[in-house]
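# Sequence first, then the predicted structure, then my questions.
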Amino acid sequence: MHPNRTMSIALASGKGGVGKTNIALNLALALGDLGHRVLLLDADLGLANVDVLLGIAPQYTIHDILHGTPAQDVLIALDPHVDLLPSASGVADLGDLDEDAQTTLMGHLEGIFHGYDFLLLDLGAGISPTVVALAAMPQERAVVITPEPTSLTDGYAFIKVLLLQRGIKNFHVIVNMVEQENEGHVAFERLSLACERFLNLGIRLMGIIPRDPKIADAVREQTPFLRLTPEGPAAQAIRLMARDLAQRRERLAGLIARSPILKPLVNHSGE
Ligand SMILES: Nc1ncnc2c1ncn2[C@@H]1O[C@H](COP(=O)(O)OP(=O)(O)O)[C@@H](O)[C@H]1O
Ligand SMILES: [Mg+2]
């Protein structure tokens with residue numbers, strides 16, 4: 001088998017409404033603008049998912065791939081380098097599949113994933129068994145928080161569950177909706193300190209995104225903010241994050257080559 005080149009990252013959060021879907025979509029487009037091939041996998045079972053941000057109604061989902069629909073009919077091209085794999089109804093059972101079924105599913109998906117430089121998973125919020133299972137599968141996780149104290153504790157709870165239930169130790173953090181850059185660093189330091197002190201775990205800052213009132217317009221107009229206001233503060237922050245991520249993928253090429261794109265789940269029943 002060829003060495004793997006696809007870097008996989010899940011966008012996760014302890015609570016909803018922190019900006020995961022907006023970040024996932026716009027980060028995917030920004031990576032595409034840099035010439036990288038990106039697959040955005042919508043793994044949020046809720047309503048506020050990628051289709052809604054784009055005003056599209058996908059005809060097929062991951063489920064249809066398993067039942068024989070060709071991948072090219074299911075994938076939706078968002079940009080020359082960026083595809084969306086809609087899956088809202090298809091991933092519901094992913095955590096419940098037995099190992100054989102998972103292996104079959106992964107076999108189907110790996111063939112598709114291999115064509116991309118990045119696989120971004122937009123997860124639902126919280127620590128339900130399905131979300132925890134999905135969050136444990138990619139090579140990296142970016143936990144999205146806001147500077148609000150409740151968001152910090154929810155982010156901490158998410159990290160703790162992934163560590164204790166799945167042994168996951170590498171976490172990145174994105175602080176969204178900050179009024180000033182310093183506020184983002186302060187929020188990250190608080191979370192980082194708690195993780196060090198109580199979990200003996202180091203976490204890394206992936207990026208800080210300013211609060212940007214134009215994002216509400218972008219959501220209303222069902223146009224990604226990277227396109228509606230490319231010079232706005234949030235778009236600039238997303239482009240910076242995309243550049244950093246692309247550099248990290250280069251640096252980690254050796255490690256990525258030896259890693260599966262999605263780690264098969266081991267059933268942890270009774271948790
Ligand atoms: N940086 C930001 N500045 C202002 N509003 C934001 C920002 N990021 C997200 N939002 C708003 O927060 C809401 C929730 O965003 P969304 O991406 O759907 O979050 P999640 O996927 O975490 O539930 C959206 O309506 C969007 O307008
Ligand atoms: Mg969302």
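Sure thing, it's come through. Numbering: from 1, shown residues only. Ligands and ions are numbered 1, 2, ... in the order given.
# What strand or helix carries residue 10?
strand 7-12 (DSSP states H and E).
# Return that strand as PDB; C-alpha atoms alone will do.
C-alpha atoms of strand 7-12 as PDB (Å, rounded to 0.1, in the frame of the first residue of the first chain):
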ATOM      1  CA  MET A   7      -4.000  14.500   7.100                       C
ATOM      2  CA  SER A   8      -7.200  14.100   9.100                       C
ATOM      3  CA  ILE A   9      -8.500  16.600  11.600                       C
ATOM      4  CA  ALA A  10     -11.800  16.700  13.500                       C
ATOM      5  CA  LEU A  11     -13.400  20.000  14.600                       C
ATOM      6  CA  ALA A  12     -15.000  19.400  18.000                       C
END
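# Let me know whether the helix or strand following it sits next to ligand 2.
The first helix or strand that comes after strand 7-12 along the chain, using DSSP H and E, is helix 20-33. Yes: using CB under 5 Å from the ion, helix 20-33 reaches ligand 2 at 20-21. Quick note: C-beta positions are derived from backbone N, CA and C, even for glycine.
# hmm, the very next helix or strand once past helix 20-33 touching ligand 1?
As assigned by DSSP H and E, the chain's next helix or strand after helix 20-33 is strand 38-43. No: Strand 38-43 lies out of reach of ligand 1 by CB under 6 Å from any ligand atom, never closer than 10.5 Å.
# Also stretch 166-183?
Yes: against ligand 1, stretch 166-183 shows contacts by CB under 6 Å from any ligand atom at 176-177.
# could you give me the average pLDDT of that stretch?
For stretch 166-183, the mean per-residue pLDDT is 96.
# who's in contact with that stretch?
Residues outside stretch 166-183 that contact it (CB atoms under 8 Å, 6 or more residues apart in numbering) are 11, 18-19, 23, 132, 135-136, 140-147, 155, 159, 162-163, 184, 187-188, 191-192, 195, 201, 203-211, 241, 268.
# ok, 7 Å please
18-19, 23, 132, 136, 140-147, 159, 162-163, 184, 187-188, 191, 201, 203-211 (CB atoms under 7 Å, 6 or more residues apart in numbering).
# List the ones among these that fall in helices.
Using DSSP state H, the subset of these located in helices is 23, 132, 136, 159, 162-163, 184, 187-188, 191.
# Contacts only, for residue 211.
177-179.
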